[in-house]
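*Asks:* the amino acid sequence is not available; the structure is as follows:
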């Protein structure tokens, strides 16, 4: 099965190229209705530096449902979306995520600009760890149980995983291609990710899964 076109921009690192080459075909399989490979861990050596975590526990979006099932099902795993509330509203949300717990959020009035990222500035959400702990308790799980984090494309989820590790969590897995996937050379996120893998998602949000300051 041919793989989707891969980004060829000169700034891509060797690990990033290996990462895309190794996993770029998963979305293509899903698109034509062919079975996805069995749940498998991602080789840490293929993960770009910006997406790496201290625990080195990684999954591709297409592998998440099978991975959760293999670890005892949804009751045994906490699956969290760590994107902003705006992303959940306007881009959609994975169908089987337990909750939205933003790792960073936009300023209330969005008055500051991030020149490096070319977007309104994001700030750390101080309630991130407490909210994760609340969601963990709601499911009757502990910090030694499995937590899976997904963001847009694997950057924030890696930092969120490290933050949770600092708080004593021992099995935090980061989805390295995220909900939208990596950027292709055409400027679109069409390479990989939850949406491109044909996994269930919706713009219709469940209030009980949304984040509200407490």
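*Replies:* The structure has been received and is ready for your questions. As the structure is a prediction and not an experimental result, all values here were calculated from the model.
*Asks:* list the beta-bridge partners for the most centrally placed residue in the chain.
*Replies:* The residue lying closest to the centre of the chain (CA atoms, centre = their mean) is residue 150, at 2.0 Å. Beta bridges link residue 150 to residue 81 when assigned by DSSP bridges.
*Asks:* now for it: which residues touch it?
*Replies:* 61, 64, 79-83, 94, 97, 157, 175, 178-179, 194 (CB atoms under 8 Å, 6 or more residues apart in numbering). Heads up, the C-betas are built off the backbone N, CA and C, glycines and all.
*Asks:* how about the helices of the protein, start to end?
*Replies:* Assigned by DSSP state H, the chain shows helices spanning 14-23, 25-31, 64-70, 85-91, 128-138, 155-166.
*Asks:* which residues does the residue lying closest to residue 203 once chain neighbours are set aside contact?
*Replies:* Closest residue to residue 203 apart from its sequence neighbours, by CB to CB, 6 or more residues apart in numbering: residue 92 at 4.9 Å. By CB under 8 Å, 6+ apart, the residues touching residue 92 are 179, 195, 201, 202, 203.
*Asks:* repeat that for 10 Å
*Replies:* Residue 92 sits next to 179, 180, 194, 195, 201, 202, 203, 204, 205 when contact means CB atoms under 10 Å, 6 or more residues apart in numbering.
*Asks:* show the average pLDDT along stretch 154-162.
*Replies:* Averaging pLDDT along stretch 154-162 gives 97.
*Asks:* of the contacts of residue 150, which is the nearest to residue 186?
*Replies:* residue 178 (18.1 Å; CB to CB).
*Asks:* where's that closest one relative to residue 159, distance?
*Replies:* Per CB to CB, to the nearest Å, residue 178 is found 13 Å from residue 159.
*Asks:* now residue 132
*Replies:* Relative to residue 159, and taking CB to CB, residue 132 is found at 13 Å.
*Asks:* name the residues contacting each of these two.
*Replies:* Shared contacts of residue 132 and residue 159, defined by CB under 10 Å, 6+ apart, are found at 82, 103, 149.
*Asks:* which ones are touching the closest residue to the last one other than its chain neighbours?
*Replies:* Using CB to CB, 6+ apart and skipping residues adjacent in sequence, the residue nearest residue 149 is residue 157, 4.1 Å away. Residue 157 makes contact with 51, 53, 58-59, 80-83, 103, 148-151, 172-176, 178-179, according to CB under 10 Å, 6+ apart.
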